[in-house]
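Asks: missing the sequence, but the structure's below:
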């Protein structure tokens, strides 16, 4: 079998603290005890690395100057050139992550992905370059926001991050270097303990994200929700797809977000028909998902109308 190459991926924009963190990590003998490590630099900021202070000396630095260099052949060449056991990537904040993920050699497996940001400029970056911010948030396991002080709007930052991922951990580093974790509660805008959980049109995106990330807490719940149908001949008898389109950051990323619905005679349905659905949630394996996932068992279905904003958003 092909031996896995662990990849530690650090994303964020210039002067966000990536270099400092990686430098300190490579100075820590608990992480760097002489393992052969490839350090890929996809951008060069004001701070420079000091290899002489690394706790292990088998760290090989290579610079990637253009995203066109992120090819499986080139990355594997660099891996074999230095016979490395693992890879650290300091990624360019202006490059889309798919460029890397789609071109990593087969043996490269991302073990950890952190995003770094300046807490004082995070909201400005989000307002002006939301697509790039969302790109870095969507798969990271932790966001580290440095230079945090009392002026930072942590509630608004929390909302922005949670609009992309409800699983990402959020940490702040204050001006004294002290690190603490975000404690803003993740409250859902609907009552999950109600006999019938009513999902309003403006809450569809949050609900869909939540049921996708934590489906088990919806098991056995009864939902009332509006959306439209997708009727397909290839679906199992009595089944259709129920959902809406969701926009995370911009028009270019609008996608259909739906779930399998069962227990209804689709002869009475039209494709792309807006409906009001009441359904009980089951968590089961289905060939439509090719894995376990939430399935909506129809209790009632009535004609509905499209909301004024037919594309669901997180705001």
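Replies: Received it, and whenever you're ready, just let me know what you need. Here the structure is a predicted model, which means the values were calculated and not measured.
Asks: which residue ranges form the helices in the stretch 1-150 of the chain?
Replies: Listed in chain order, the helices of the stretch 1-150 of the chain (DSSP state H, counting those that start in this stretch) span 18-26, 72-82, 98-101, 122-128, 130-137.
Asks: export those helices to JSON lines and tack on mean pLDDT?
Replies: Output for the helices of the stretch 1-150 of the chain, formatted as JSON lines (pLDDT from 0 to 100):
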{"stretch": "helix 18-26", "mean pLDDT": "95"}
{"stretch": "helix 72-82", "mean pLDDT": "97"}
{"stretch": "helix 98-101", "mean pLDDT": "96"}
{"stretch": "helix 122-128", "mean pLDDT": "95"}
{"stretch": "helix 130-137", "mean pLDDT": "94"}
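Asks: which one, of those helices, ends up nearest to residue 149?
Replies: Of all these, helix 122-128 sits nearest to residue 149, with 12.8 Å by Cβ to Cβ. To be clear about C-beta, it is placed using only N, CA and C from the backbone, and glycine gets the same treatment.
Asks: if you count neighbours, what's buried in the closest one?
Replies: Of the residues in helix 122-128, those scored as buried under the neighbour-count criterion (16 or more other Cβ atoms under 10 Å) are 122, 125, 126.
Asks: hang on, the last one packs against residue 160?
Replies: In this case it means residue 126. Yes - with contact defined as Cβ atoms under 8 Å, residue 126 reaches residue 160; the gap is 5.5 Å.
Asks: re the thing from before, buried deepest among the helices of the stretch 1-150 of the chain, which one?
Replies: Among the helices of the stretch 1-150 of the chain, ranked by average contacts under mean count of other Cβ atoms under 10 Å, first place goes to helix 130-137 (a mean of 20).
Asks: gap between that one and the chain center?
Replies: With Cα atoms, centre = their mean, to the nearest Å as the basis, the distance from the averaged C-alpha position of helix 130-137 to the chain average is 9 Å.
Asks: how about low-confidence regions in the stretch 1-150 of the chain?
Replies: Along the stretch 1-150 of the chain, the model assigns pLDDT under 70 to residues 1.
Asks: mind redoing it with 50?
Replies: By pLDDT under 50, the stretch 1-150 of the chain contains no weakly predicted segment.
Asks: hey, what's in contact with both of residue 126 and residue 160?
Replies: Both residue 126 and residue 160 are in contact with residue 133, where contact means Cβ atoms under 8 Å, 6 or more residues apart in numbering.
Asks: so can I have JSON lines of the buried residues of helix 122-128 showing distance to residue 260?
Replies: Below are these laid out as JSON lines (distance: Cβ to Cβ, whole Å):
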{"residue": "122", "distance to residue 260": "37"}
{"residue": "125", "distance to residue 260": "37"}
{"residue": "126", "distance to residue 260": "34"}
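Asks: show me which of those residues is closest to residue 219.
Replies: Set against residue 219, the nearest of the buried residues of helix 122-128 by Cβ to Cβ is residue 126 (34.3 Å).
Asks: kindly reformat the helices of the stretch 1-150 of the chain as a markdown table containing distance to residue 294.
Replies: Output for the helices of the stretch 1-150 of the chain, formatted as a markdown table (distance: least, Cβ to Cβ, whole Å):
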| stretch | distance to residue 294 |
| --- | --- |
| helix 18-26 | 37 |
| helix 72-82 | 35 |
| helix 98-101 | 26 |
| helix 122-128 | 30 |
| helix 130-137 | 24 |
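Asks: out of these, nearest to residue 208?
Replies: Among these, the nearest to residue 208 by Cβ to Cβ is helix 130-137 (16.0 Å).
Asks: which other helices and strands does that closest one contact?
Replies: In this structure, helix 130-137 makes packing contacts with helix 122-128, helix 154-164, judged by 3 or more Cβ pairs under 8 Å, 6 or more residues apart in numbering; DSSP states H and E.
Asks: which residues touch that helix?
Replies: Surrounding helix 130-137, the residues in contact under the criterion Cβ under 8 Å, 6+ apart are 11-13, 93-94, 96-98, 115, 122, 125-126, 143, 160-161, 164-165, 168, 248-250, 252-253.
Asks: quick check on those residues: which are buried?
Replies: 11-13, 93, 97, 115, 122, 125-126, 143, 160-161, 164-165, 168, 248-249.
Asks: for the stretch 1-150 of the chain, which segments count as strands?
Replies: Per DSSP state E, counting those that start in this stretch, the stretch 1-150 of the chain carries strands over the ranges 5-12, 37-41, 59-63, 86-90, 108-118, 142-148.
Asks: can you redo those strands as a markdown table with distance to residue 80?
Replies: What follows is the strands of the stretch 1-150 of the chain, written out as a markdown table (distance: least, Cβ to Cβ, whole Å):
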| stretch | distance to residue 80 |
| --- | --- |
| strand 5-12 | 11 |
| strand 37-41 | 10 |
| strand 59-63 | 12 |
| strand 86-90 | 12 |
| strand 108-118 | 12 |
| strand 142-148 | 31 |
